[in-house]
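**Q** Dropping a prediction and its sequence here:
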Amino acid sequence: MNPIQPRKIQKEEVFEFEFSVCTLVTNIPEYQEMRESFLTSGFTADICEYVYIDNGVQNCFDAYAGLNRFLREAKGKYVILCHQDILLKQHQISDLRERIREVENLDRKWAIIANAGGVNLKYTAMHLIQGSGNVLNEEYLPLQTKTVDENFIVVKNEANLALSADLEGFHLYGTDICLIADILGYTAYIVDFKLIHKSDGNADKGFYQLQKKLINKYNRALRSRFIGSTITRFYISGNKIISFLGNTGFILFVARQYYKFFKPKKGYYSKV
């Protein structure tokens with residue numbers, strides 16, 4: 001029997017491609033037009049892979065499950081998650097490379113760049129050409145953002161990002177992945193990479209239903225809570241005052257008594 005040869009992890013990650021262009025497809029001719037615009041703009045097969053999910057006949061994957069599959073399987077250093085209804089006309093691969101270099105020099109912890117998003121509660125940044133022909137120009141770029149629009153998202157593969165497993169649908173996944181990135185310690189930016197997006201957006205009934213689910217999900221995910229490890233106990237909260245009080249000896253003692261009498265260990269036992 002051959003002896004087991006352990007594999008040593010090198011410091012620098014090696015990727016098979018520079019870019020992975022990943023798309024959920026419902027219209028094959030439109031996707032082919034999109035892909036041709038990428039090829040013409042320098043995203044050639046020697047440095048890029050094109051990965052798609054065929055949702056033409058039926059929805060095999062919703063956006064959350066589908067993009068998670070892309071992120072798991074993509075072999076590119078940078079993973080482009082994009083709509084089938086975009087066209088590259090204004091900028092080339094050299095422009096995207098330059099935008100990546102700019103952000104990398106500015107912030108080594110970046111994980112996401114895009115062409116549109118919500119900077120904060122008041123300001124959005126839009127840098128693209130809409131299907132109506134409306135040209136949107138953002139003056140201040142690159143611009144750190146809290147959310148990104150889903151038409152064109154570039155994810156740094158080494159950041160190892162994923163979308164929420166407890167959400168599904170076709171809206172707000174750009175917001176979700178930015179929230180995940182922020183929790184993991186990464187940042188997102190809007191950059192000067194302009195393209196044509198044939199749609200002006202569609203905030204339908206499903207959008208607002210998913211918005212409620214996303215709010216509920218993060219209300220729970222970001223809740224204050226007591227934490228117990230094998231050797232220590234503490235309290236975490238987004239409020240510094242509550243966090244301070246929760247980590248006092250008296251409060252931790254009271255909380256332990258609550259768990260002792262009302263949340264016994266056997267209550268966590270899962271019967272198969």
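**A** Here it is on my side, so go on.
**Q** okay, CA-based contacts and neighbour counts for the rest of this
**A** OK.
**Q** in the protein, which residue is closest to the centre?
**A** Ile177 (2.6 Å; Cα atoms, centre = their mean).
**Q** Can you tell me which helices and strands the helix or strand in which that residue is found packs against?
**A** Using DSSP states H and E, Ile177 sits within helix 173-183. Helix 173-183 sits against strand 187-190, with contacts defined as 3 or more Cα pairs under 8 Å, 6 or more residues apart in numbering; DSSP states H and E.
**Q** what does the strand it packs on rub up against?
**A** Here strand 187-190 makes contact (Cα atoms under 8 Å, 6 or more residues apart in numbering) with 103, 109-117, 125, 141-148, 178, 181.
**Q** strand partners of it, parallel vs antiparallel please.
**A** Here strand 187-190 has these sheet partners by DSSP bridges: strand 110-114 (parallel), strand 143-145 (antiparallel).
**Q** residues in contact with Val119?
**A** 125, 143-147.
**Q** I'd like these as CSV, with distance to Asn216 appended.
**A** Below are the contacts of Val119 laid out as CSV (distance: Cα to Cα, whole Å):
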residue, distance to Asn216
Ala125, 26
Leu143, 28
Gln144, 25
Thr145, 22
Lys146, 18
Thr147, 18
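**Q** The residue nearest to the centre of the chain touches Ala165, doesn't it?
**A** No. The pair Ile177 / Ala165 is not scored as a contact, 11.4 Å apart, by Cα atoms under 8 Å.
**Q** I'd assumed Ile113 was in contact with Tyr186.
**A** No. Using Cα under 8 Å, Tyr186 is not in contact with Ile113, being 11.3 Å away.
**Q** Among those two, which residue is more densely surrounded?
**A** Ile113 (30 against 18; other Cα atoms under 10 Å).
**Q** For Val51, see how far away that one is.
**A** To Val51, Ile113 is 19 Å away according to Cα to Cα, to the nearest Å.
**Q** now swap in Ala221 and tell me
**A** Per Cα to Cα, Ala221 is found 31 Å from Val51.
**Q** Settle it for me: which of the two has more neighbours?
**A** More neighbours surround Val51 than the other of Ala221 and Val51, with 16 against 9 (other Cα under 10 Å).
**Q** got a list of what that one touches?
**A** Applying Cα under 8 Å, 6+ apart, the residues contacting Val51 are 20-23, 70, 74.
**Q** my guess is Gly117 contacts Asn151, does it?
**A** No. Counting by Cα under 8 Å, Gly117 stays clear of Asn151, with 10.3 Å between them.
**Q** Give me the three-state assignment for Gly206.
**A** helix (DSSP: H, G, I helix; E, B strand; the rest coil).
**Q** so what's Glu158 up against?
**A** Glu158 sits next to 13, 77 when contact means Cα under 8 Å, 6+ apart.
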